[in-house]
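Asker: dropping a prediction and its sequence here:
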Amino acid sequence: MLFSTEEKLVYNPCVVVISFGSDILFSLKDTKTNKIHNIPLPRKSMFLLQDTEFRYLRGIPKRDIDYIGSRKYERG
């Protein structure tokens, strides 16, 4: 999976992630510990991230199905 972050010159430092079409798992990678945190985003939801230290990289893995707990979500 590819993780990304913004250029420091255009960073607000608030990032808004919006899920339009389907339930997904949004991933944050801690650059200090390399630990990955998966955050479920239901469709039609919004996630705000404020990261003034640029500690986290963000990514949404490309896949057809996400598993959140014991539930299976097919991406649309």
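Answerer: Noted; the coordinates are in hand.
Asker: list the contacts of residue 18.
Answerer: Contact analysis of residue 18 by Cβ atoms under 8 Å, 6 or more residues apart in numbering lists 45-47. To be clear about C-beta, it is placed using only N, CA and C from the backbone, and glycine gets the same treatment.
Asker: and those residues as a markdown table, adding secondary structure?
Answerer: As requested, the contacts of residue 18 are exported to a markdown table (DSSP: H, G, I helix; E, B strand; the rest coil):
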| residue | secondary structure |
| --- | --- |
| 45 | strand |
| 46 | strand |
| 47 | strand |
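Asker: looking at these, which is nearest residue 64?
Answerer: Nearest to residue 64 out of the contacts of residue 18 is residue 45 (Cβ to Cβ; 19.8 Å).
Asker: and the closest one, how close does it get to residue 23?
Answerer: 9 Å (Cβ to Cβ, to the nearest Å).
Asker: cool, residue 65 as well?
Answerer: Counting by Cβ to Cβ, the gap from residue 65 to residue 23 is 10 Å.
Asker: neighbour-wise, which of residue 45 and residue 23 wins?
Answerer: residue 23 (19 against 14; other Cβ atoms under 10 Å).
Asker: show me what the nearest residue to that one once chain neighbours are set aside is bridged to.
Answerer: Spatial nearest neighbour of residue 23, chain neighbours left out: residue 73 (4.1 Å); criterion: Cβ to Cβ, 6 or more residues apart in numbering. Note on residue 73: beta-bridge partners residue 66, judged by DSSP bridges.
Asker: show the pLDDT at residue 73.
Answerer: You'll see residue 73 listed with a pLDDT of 82.
Asker: please begin residue numbering at 528 from this point
Answerer: Taking 528 as the first residue, the last one we looked at is residue 600.
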